[in-house]
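Trainee: got a predicted model here, sequence first, then my questions.
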Amino acid sequence: MMADNSTIEVFREKLAEKGFSDLAKDLRADEAMKAHTSFRVGGPAQIYAEPSSTDEIVALIDTAKALGLPFFLMGNGSNLVISDEGIEGLVIRLGENFSDIRSEDDPEDPDSVLIYATAGTLLIRLSSFAAKNSLTGLEFASGIPGSLGGAVFMNAGAYDHDMSEVIEKVTFITSDGTVSAFNREDLDLSYRSSRFMKEGGIVCEVVLKLKRGDAEEINSQIRTYTEKRTKSQPLQYPSAGSMFKRPTGYYTGALIEQAGLKGFSIGGAQVSEKHAGFVINTGDATAKDIDDLVSHIQKTIKEKNGVELQREVRFIGRGFN
């Protein structure tokens, strides 16, 4: 479904009335979402925006609500499959425009430094910033392609570490448009989950607490993780990383490989021959190909092993909801 030109024009007028004329001019209609996801699939967003401040995010949400339009927030698109039919309403992407980083000494702990970063900051950039300043705690994130907001939302992690280890405080927008904040103990962080995933809310800024460390040791650990990823993951193909959450007592990739599904494909979507826990786009996959393949994997593993694989990647858009 293509955007109604009158809808986006009314949206622009409402934003301008709120004092956000520049943001209004930058709104896009029917933005192809395949350009904004690591899987390289997805139809158009009816209205698309890339805000640069918390005030702009609040204005976008208020305007969408006033016009009765649904809205969806995304970061780097590295954990999403967007449907071929696209997304109705407003898509707010927190990207390069919303990616500031600054640091200051922790007044309560001389061995620590506080990093303040906005939600669109890439984890790879954040990890690099920490390493350059000899700060330890984010080495595990050096190869995760997502943004900070998404990483907090799902408590992203790798190599037995996750964001819960370094988050100190999160500033966010509540469902009613109020700007609020939670300390780490209020975030309900668990394996690939957080309070935001369960209750909603838009992550705006995150305060991370990192320890001072040895630059050589930090960079050595990052190199080790990079080598592991390069050897074990199909980084040359579009994907969204690990497709499934790890079921208790099992390794997902092993279950899928033992079921004979390694290399199995539907359309342009394929179970990676390098790592069976990854689904890849071999070049011409559609969102439906990926969804059908993932459903087939889930059905097969349930039948063979009695294990219900849960999707870690989010499937969003018309036809998926």
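Mentor: Nice, I can see it. Numbering: from 1, shown residues only.

Trainee: residues contacting residue 191?
Mentor: By Cβ atoms under 8 Å, 6 or more residues apart in numbering, residue 191 lies in contact with 155, 162, 245, 246. Any C-beta I mention is one placed from the backbone N, CA and C, and that applies to glycine too.

Trainee: so the first one touches residue 166, yeah?
Mentor: No: counting by Cβ atoms under 8 Å, residue 155 does not reach residue 166; the two are 11.0 Å apart.

Trainee: number of residues surrounding the nearest residue to residue 190 once chain neighbours are set aside?
Mentor: In this structure, residue 190 finds its nearest non-sequential neighbour in residue 155, 6.7 Å apart by Cβ to Cβ, 6 or more residues apart in numbering. Neighbour count of residue 155, defined by other Cβ atoms under 10 Å: 22.

Trainee: how near is the residue lying closest to residue 254 once chain neighbours are set aside to residue 252?
Mentor: Using Cβ to Cβ, 6+ apart and skipping residues adjacent in sequence, the residue nearest residue 254 is residue 276, 7.5 Å away. Look at residue 276 and residue 252: by Cβ to Cβ, to the nearest Å, they are 8 Å apart.

Trainee: how many neighbours does the nearest residue to residue 32 once chain neighbours are set aside have?
Mentor: Residue nearest to residue 32 in three dimensions, not counting chain neighbours: residue 44, with 5.8 Å by Cβ to Cβ, 6+ apart. Applying other Cβ under 10 Å, we find 24 residues neighbouring residue 44.

Trainee: quick check: residue 44 touching residue 30?
Mentor: Yes: assessed by Cβ under 8 Å, residue 44 is found in contact with residue 30 at 4.1 Å.

Trainee: got any ranges where the protein has weak pLDDT?
Mentor: 1-4, 321 (pLDDT under 70).

Trainee: surely residue 124 touches residue 148?
Mentor: No: proximity of residue 124 to residue 148 does not meet the contact threshold set by Cβ under 8 Å, at 10.6 Å.

Trainee: out of these two, which sits in the busier spot?
Mentor: Using other Cβ under 10 Å as the criterion, residue 124 and residue 148 rank with residue 148 on top: 32 against 17.

Trainee: for the closest residue to the more buried one other than its chain neighbours, what are phi and psi?
Mentor: Nearest residue to residue 148 in three dimensions, chain neighbours excluded: residue 121, at 4.6 Å (Cβ to Cβ, 6+ apart). Dihedral pair for residue 121: phi -70, psi 130, per degrees, to the nearest 10.

Trainee: run through the residues that contact residue 121.
Mentor: Taking Cβ under 8 Å, 6+ apart as the test, what residue 121 contacts is 98, 99, 100, 101, 147, 148.

Trainee: make it 6 Å
Mentor: 99, 101, 148 (Cβ atoms under 6 Å, 6 or more residues apart in numbering).

Trainee: ok, the residues you listed vs residue 59, which is closest?
Mentor: residue 99 (19.2 Å; Cβ to Cβ).

Trainee: so what's the backbone phi/psi at that closest one?
Mentor: phi -140, psi 50.
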